[in-house]
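> Structure, please.
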Amino acid sequence: MKKTILSILFALLVITAAHAQIRSMGSQPSDTVKRSPGSVLGSGIRAQPKPYDQVITNKATTRKGMLTTHRLEDKVFFEIADTILGRDILVVSRISKSGAEVRAVQGYAGDQIGSSVIRFEKGPNNRIFLRKVSFKTYGPDSTTSMYQSLKNSNIQAIAASFNIAAYTNDKKASVIDITDYINGDNDIFYFGSPTAKTRLRLGAQQADRSYIQNVRSYPMNVEISTVKTYSLSAFQLSQSPLSGMAGSVASGFSTIELNTSLVILPKTAMKARYADPRVGYFTVGYTDFDLNPQGVKELELIKRWRLEPKVKDLAKYQRGELVEPVKPIVFYIDPATPKKWVPYLIAGVNDWARAFEKAGFKNAVVAKEAPTFEQDSSWSIDDARHSAIVYKPSEIANASGPSIADPRSGEIIESHINWFHNVQKLLHDWYTIQTGAVDPRARKVNFDDELMGNLIRFVSSHEVGHTLGLLHNYGSSSTVPTEMLRNKEWVEANGHTPSIMDYARFNYVAQPEDNISATGLYPRIGDYDKWAIEWGYKYFPQTQKPQQEVPILNKMTIEAAKNRRLWFGTESNPDDPHSQNEDLSDNAMKAGTYGIKNLKLILKGLQEWTKEPAEGYSNLNNMYSQLTGQFNRYMGHVAKNIGGIYETPKSVEQEGPVYERTPAPTQREAMAFLNTQLFQTPSWLINKPILDRIGQNGLEVAGRLQNIIIGRLLSTNTLTKLISAEEMDGIAAYKITDLFSDLNGSIFTELKNNQPIDVYRRNLQKMYIERLISVLKPSPAQASPLAAILSGASREGLPIAQSDVISVIKEELRNLDTNFKTASASASGLGKAHLLDLSGRIENTLNKL
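Predicted coordinates:
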């Protein structure tokens, strides 16, 4: 019976398939070959190549370059020379223009969305294969016995196949129709992974609303511009702690413009340099099978430009004389840049020339104005031979310094720095809020051109630093003693941070009476930056392989570690109080105290400084939000000390621990600061004349700021680290019980002193109790992995239910419940209701556990 049923089902499937094939063949367009040269006919016969001039007619628009490209009506053809077959070609895809829907989820023009390496190769039956090349496992040394075996075990996938539409008349190049591939939604030319699209809420591509905008060919690259429309999934916008923004973004469609760069890589890869966690460089990486005969090694190579002395200058270089490199790093300024800013952008690039002198090179980096069409009609900003600062008329308040690098060696091939017009607004707001108390030039809606130009110069230098390979150095500012930032002579000579790659912005510690000039307020290229360039770019002619450089560089790094100003603090460590963005000095509490003194002065002048004739109060609203945001940063800098873990990467030749807990006296100092500046209501921030003009109220302002820090102090990450610190350091540790004792002393002062509790403090106390309850009974959203990341959780550990954290919180709630009941007996009115409410919340929670 079963066999009979299966036979019937099989027969039905055969009949259905046959009908489907007939329908498919019947619907095949009669002009298939004409419409798509080189395609497969419905009969299964592969179309043969045609004569060249029948495919590429005199109506085609042709551009010669790395790949000769032909545009014929709505068709695009690649003409691939045999000399290009088998060459590694780097493909980098970026958003060139994004819509409001994509920007709402942090997708901006200039963002990279995909990167891969491809090779074109000739296959059988007049086909061209496109292989996607992986360097995840790699043996760069072809002389080793492992090399061929690794190649055999690492065959590269064929990602696409194209029929050869025609051969050139000399038979040295093949023509393929690339139209459908460019129009399609593949992971090589566009979004490199499904998660990249998911993050931006993008779904299926809408073919009828997508098209090829332009294809341009140059000697070492091809640039493809496309307009893509995607379906859009609904998105819930979570509430921002500072802005309070929340809501949902509807589904629908989103149209964005994408740019895909195909850049041919050098035939011979540059000698790589291995990364070191003690010096901050962007990296590329792979698993190497050659270095370790008893295993494999995960290698990270730093990204850097190929700077080498000329052969005739090599002896001079080895003697320590400065020489010019074979090929300097040149940045061109986009012709679209407003003329008044060009000199400042150029200065920001040229400032790095002195840093390269530490590596033995003079005139190693320079900026130039791009030639006009009349000066050089062949010059193009899209040509990969030219790196540029590209000026974009965008409302995005930012700038970014991406680069294209060879994954085999880390060699930076070219860079296009994105300079968004509205970065000037960001600079204005930063400078006003951080220096308005000490620099009268900052006290206006629109800055003078000279001031704005100098601010542009600093951002230009910072972004160029990224394109040279440098990571953010969030730890640099922590090497400067706080009081030195008020020392006019010292700070003007040395700067307020040793690295322009820090997010240190401006010297907010300086006080009006210090009379510090702009030189001591602006960031600049500092000691760390010069050291990092020396480490990354010094040329070692005596070495042929990167592993031979390791002992030389390690010796240099150990020697540099003796100078704290050369320290690198990663931006990726959420636990280290020394590595923070937007902070200054070696003591966040002292720096924050000085910063708040300045904010109080700025607040008094804010209404006057933001006035514009015939305008409302949008300027005031923005700048008040900037001021409260700056205050919040000071609180965050201090709070990171609680449960802090210092990290100082070391090689085995260096003595001392890599990880150390923040000393208990420092954590107590941090808690005392938070009590004084935040938990005792910051009434100075609640400026009624301002709040009445911008539509905010004091309870919202104070509540948002306090809630952020309460959440951070009582995060499971912080509490777990305090438990671990007690286990590691014993009685010397700042313990979890110390934290709760300090918090109780700060937040419930009125209970001990039998004082009335005002509305601000009642709100604070409710926040505290609710946060403790949420640790015991987290909501599904709080328990998600994403919430753990956002809260600063950095290491996997015991589940919270298995740790002492739960036990301590339960005990804390029981003690508080007793205190609330006792205090409520003598209280009245709202105070009594408040205390009984808190008691009831605790009892309800504990009874249900």
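> Could you list the buried residues of stretch 666-685?
666-671, 673-675, 677-679, 681-682, 685 (16 or more other C-beta atoms under 10 Å). In short, each C-beta sits where N, CA and C put it, glycine included.
> for residue 842, phi and psi?
Backbone geometry at residue 842, expressed as degrees, to the nearest 10, gives phi -70, psi -50.
> Tell me the predicted confidence for the nearest residue to it once chain neighbours are set aside.
Excluding its sequence neighbours, the residue lying closest to residue 842 (C-beta to C-beta, 6 or more residues apart in numbering) is residue 817, at 4.4 Å. Note on residue 817: pLDDT of 95.
> can you check residue 382 too?
Looking at residue 382, its pLDDT is 82.
> Just say helix, strand or coil for residue 204.
strand (DSSP: H, G, I helix; E, B strand; the rest coil).
> My guess is it contacts residue 231. True?
Yes - using C-beta atoms under 8 Å, residue 204 makes contact with residue 231 at a distance of 5.2 Å.
> For the stretch 151-300 of the chain, which residues score under the pLDDT cut-off?
Applying pLDDT under 70 to the stretch 151-300 of the chain flags the ranges 151-155, 235-251, 289-296.
> What ranges does it have for its helices?
For the stretch 151-300 of the chain, the helices defined by DSSP state H, counting those that start in this stretch occupy 179-183, 194-199.
> name the element the residue nearest to residue 842 belongs to?
helix 804-824 (DSSP states H and E).
> picking that back up, higher neighbour count, residue 204 and residue 231?
Between residue 204 and residue 231, residue 231 has the larger neighbour count (other C-beta atoms under 10 Å), namely 14 against 10.
> just checking, that one touches residue 206?
Yes - counting by C-beta under 8 Å, residue 206 is a contact partner of residue 231 at 6.7 Å.
> intersection of neighbour lists for those two?
Taking C-beta atoms under 8 Å, 6 or more residues apart in numbering as the contact rule, residue 231 and residue 206 both touch residue 253.
> how long is stretch 70-88 end to end?
22 Å (C-alpha to C-alpha, to the nearest Å).
> swap in stretch 480-490?
11 Å.
> same check, this time on stretch 491-506
12 Å.
> do stretch 79-91 as well
Start to finish, the residues bounding stretch 79-91 are 17 Å apart (C-alpha to C-alpha).
> can you list the domains in this structure?
59-264, 613-849 (automatic domain parsing).
> what about the longest one, how long is it end to end?
Read it as domain 613-849. Domain 613-849 end-to-end distance (C-alpha to C-alpha) = 61 Å.
> cool, and stretch 368-376?
Across stretch 368-376, first to last residue, C-alpha to C-alpha, it's 14 Å.
> got the contact list for that stretch?
For stretch 368-376, the external contacting residues (C-beta under 8 Å, 6+ apart) are 330-335, 342, 346, 379, 381, 386, 388.
> if we go to 7 Å?
330, 332-335, 342, 379, 381, 388 (C-beta atoms under 7 Å, 6 or more residues apart in numbering).
> again, but for stretch 609-621
Residues contacting stretch 609-621 (C-beta under 7 Å, 6+ apart): 443-445, 606-607, 623, 690, 693-694.
> Secondary structure class of residue 96, three-state.
Secondary structure for residue 96, judged by three-state DSSP, is strand.
> roughly how far apart are it and residue 225?
7 Å (C-beta to C-beta, to the nearest Å).
> who's more crowded, the two?
Here residue 96 and residue 225 are compared on neighbour count by other C-beta under 10 Å; more neighbours surround residue 96, at 20 against 17.
> Now stretch 547-558: buried residues?
547, 549, 553-554, 556-557.
> quick one: which of the contacts of stretch 368-376 is nearest to residue 64?
If you rank those by distance to residue 64 using C-beta to C-beta, residue 379 comes first, at 15.9 Å.
> how many other residues sit next to that closest one?
15.
> can you pull out the helices in the stretch 701-849 of the chain?
In the stretch 701-849 of the chain, the segments counted as helices under DSSP H, counting those that start in this stretch are 716-729, 736-747, 749-753, 759-776, 785-790, 804-824, 829-848.
> out of the buried residues of stretch 666-685, which one sits closest to residue 309?
residue 666 (47.7 Å).
> Distance-wise, check that closest one relative to residue 672.
Note on residue 666: its distance to residue 672, by C-beta to C-beta, is 11 Å.
> ok so, going back, now do the shared contacts for residue 96 and residue 225.
257, 259.
> hmm, which of the contacts of stretch 368-376 are the buried ones?
For the contacts of stretch 368-376, a burial check counting by 16+ other C-beta under 10 Å picks out 332-335, 342, 381, 388.
> so of those residues, which ones are in strands?
Applying DSSP state E to those, the entries found in strands are 332-333, 388.
> can you count the residues close to the residue nearest to residue 501 when sequence neighbours are not counted?
Closest residue in space to residue 501, ignoring its immediate chain neighbours: residue 473 at 4.5 Å, by C-beta to C-beta, 6+ apart. Neighbourhood size, residue 473 [other C-beta under 10 Å]: 28.
> Count residues in the vicinity of residue 460, would you?
Neighbours of residue 460 (other C-beta under 10 Å): 29.
> How about the one 4 residues further on?
Burial of residue 464 is recorded as 27 neighbouring residues (other C-beta under 10 Å).
> Could you pull out the helices in the stretch 501-650 of the chain for me?
Going by DSSP H, counting those that start in this stretch, the stretch 501-650 of the chain shows helices at 527-537, 546-560, 588-609, 618-639.
> What pLDDT does the model give the nearest residue to residue 276 once chain neighbours are set aside?
Leaving aside its chain neighbours, residue 276 sits nearest to residue 557 (6.2 Å; criterion: C-beta to C-beta, 6+ apart). pLDDT recorded at residue 557 is 97.
> Would you mind measuring from residue 557 to residue 650?
The value you get for residue 557 to residue 650, if C-beta to C-beta is used, is 10 Å.
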